[in-house]
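Engineer: Structure here, sequence nowhere to be found:
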């Protein structure tokens, strides 16, 4: 119910009639309330049962590979040549899980020897290679 307070009564009335808008909103609200419980019904699914235990975390073997200042390559405390190193990498790359190579070059070792060892590991598909004791290079 609109009332004109003051002013001239000959002008057009510019108020919106909100009664139909409220009626439409109430109908939408009632529709939402009625349909909401229908949408929350759960569907029962028969999921497959997994009776197998989870796989065990097997720690990989660690191989300490050292490179001395004079180019000597030491595999777990035993000096080896580059040809022997290729054979060791070839046999170790077939293991599951593949062993980790902990490479520890001397600070005075030639880069060429270190690069040859890394290339040999890459040729034989060794995937877990890491440098250890690198604090000596930060000085």
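Structural biologist: Cool, the structure landed. Owing to the predicted nature of the structure, the values given are computational and were not obtained by experimental measurement.
Engineer: Give me the number of neighbouring residues for the closest residue to residue 97 other than its chain neighbours.
Structural biologist: Leaving aside its sequence neighbours, residue 97 sits nearest to residue 60 (C-beta to C-beta, 6 or more residues apart in numbering; 4.4 Å). Where C-beta positions appear, they are placed from N, C-alpha and C, glycine not excepted. Per other C-beta atoms under 10 Å, the neighbour tally for residue 60 reads 12.
Engineer: roughly how far apart are residue 93 and residue 117?
Structural biologist: According to C-beta to C-beta, to the nearest Å, residue 93 stands 14 Å off from residue 117.
Engineer: So for those two, which sits in the more crowded spot?
Structural biologist: residue 117 (21 against 15).
Engineer: ok, then the element right after the helix or strand where the more buried one lies?
Structural biologist: Per DSSP states H and E: residue 117 is located in helix 111-123. For helix 111-123, the following helix or strand on the C-terminal side (DSSP H and E) is strand 129-131.
Engineer: which helices and strands sit right next to that following strand?
Structural biologist: Contacts defined by 3 or more C-beta pairs under 8 Å, 6 or more residues apart in numbering; DSSP states H and E place strand 129-131 against strand 100-105.
Engineer: Between helix 111-123 and the strand it packs on, find me the angle.
Structural biologist: Interaxial angle of strand 100-105 relative to helix 111-123 (axes from the mean of the first three to the mean of the last three C-alpha atoms, to 10 degrees): 170 degrees.
Engineer: if you go through this structure in chain order, where are the strands?
Structural biologist: In the chain, the strands defined using DSSP state E lie at 62-67, 73-75, 78-80, 100-105, 129-131.
Engineer: Same list (these) but as JSON lines, adding distance to residue 89, mean pLDDT and mean neighbour count.
Structural biologist: What follows is the strands of the chain, written out as JSON lines (distance: least, C-beta to C-beta, whole Å; pLDDT from 0 to 100; neighbours: other C-beta atoms under 10 Å):
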{"stretch": "strand 62-67", "distance to residue 89": "9", "mean pLDDT": "94", "mean neighbour count": "17"}
{"stretch": "strand 73-75", "distance to residue 89": "10", "mean pLDDT": "95", "mean neighbour count": "18"}
{"stretch": "strand 78-80", "distance to residue 89": "10", "mean pLDDT": "95", "mean neighbour count": "12"}
{"stretch": "strand 100-105", "distance to residue 89": "8", "mean pLDDT": "93", "mean neighbour count": "19"}
{"stretch": "strand 129-131", "distance to residue 89": "10", "mean pLDDT": "91", "mean neighbour count": "13"}
